[in-house]
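Student: Pasted the sequence and its predicted model underneath.
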Amino acid sequence: MNVPNALQLQCEECQDVTMHEVLRGRIGKGQDVIEATVKCLECGKVSTTVVREAKGIKVPIIVSELGSSNRHELELGEDEELAVDDELLVEDLPVIVSAIEVGDRRVRRAAVKHISTIWAKRFDKVRVRVAINKVHKTISVDLEATPDEEFFVDDLMTIGREEVVIHYIKTKDGMVRRGSVPAREIVRIYAKAARRTYS
């Protein structure tokens with residue numbers, strides 16, 4: 001462990017957690033303690049502090065990726081807390097937490113030291129479901145998109161050989177009938193086959 005250039009610490013003057021520049025510091029004998037002189041970057045107060053680095057715990061994490069699931073281990077600080085929808089990196093793969101198990105219960109938030117399994121899904125690509133209405137039938141198509149890719153109501157899209165117009169977008173919070181929605185928030189896109197007009 002090396003002495004960091006800065007630390008997030010509680011400042012007595014600011015009465016808040018702020019960024020502190022490390023002016024001088026050394027590592028304790030146990031390699032998990034930093035003794036440092038620090039300066040608050042908000043108010044300029046200089047103080048001394050002893051920071052104990054939390055021990056790392058290996059937690060099982062199951063990552064689902066477009067239909068398949070793979071088991072990994074992730075090392076996290078024992079004093080950290082994890083919540084559903086938190087974003088993590090697993091072997092350089094961005095994932096988002098979809099469920100947390102503590103014993104045999106699923107919870108929305110938990111301290112890392114109590115977590116038995118993390119469930120997550122790959123997050124550099126998300127699946128966007130599209131329902132295309134073609135007068136007498138509706139067909140369903142899945143697209144791959146980046147999480148931040150925006151889909152706009154009334155936009156024209158080409159899916160395969162079809163040109164379709166987005167009529168509305170369903171999210172967890174309800175229907176969106178105007179504006180745009182990032183792929184990560186979409187439950188389903190409702191579209192209609194576009195009519196071609198020739199002049």
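Tutor: Happy to help now that I have it.
Student: Low-confidence stretches in the chain?
Tutor: 1, 29-31, 54, 66, 195-199 (pLDDT under 70).
Student: domain parsing for it?
Tutor: Using automatic domain parsing, the domain ranges for the chain come out as 6-52, 60-122, 126-193.
Student: any chance of the ones you listed in JSON lines, plus mean neighbour count?
Tutor: C-beta: built from backbone N, CA, C; applies to glycine. As requested, those are arranged in JSON lines below (neighbours: other C-beta atoms under 10 Å):
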{"stretch": "domain 6-52", "mean neighbour count": "14"}
{"stretch": "domain 60-122", "mean neighbour count": "15"}
{"stretch": "domain 126-193", "mean neighbour count": "15"}
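Student: Scan this structure for its longest strand.
Tutor: strand 16-27 (DSSP state E).
Student: Can you tell me the strand partners of it and which way each runs?
Tutor: Paired strands of strand 16-27, with direction, are strand 6-11 (antiparallel), strand 33-40 (antiparallel) (DSSP bridges).
Student: Rebuild those as a markdown table, extending it with distance to residue 17.
Tutor: Listed next are the strands paired with strand 16-27 as a markdown table, based on distance: least, C-beta to C-beta, whole Å:
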| stretch | distance to residue 17 |
| --- | --- |
| strand 6-11 | 5 |
| strand 33-40 | 10 |
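Student: closest to residue 62 out of these?
Tutor: With C-beta to C-beta, the closest approach to residue 62 among the strands paired with strand 16-27 belongs to strand 6-11: 30.4 Å.
Student: contacts for the closest one?
Tutor: With C-beta atoms under 8 Å, 6 or more residues apart in numbering as the test, strand 6-11 has contacts from 16-22, 34, 36, 38, 40-43, 45, 49, 51.
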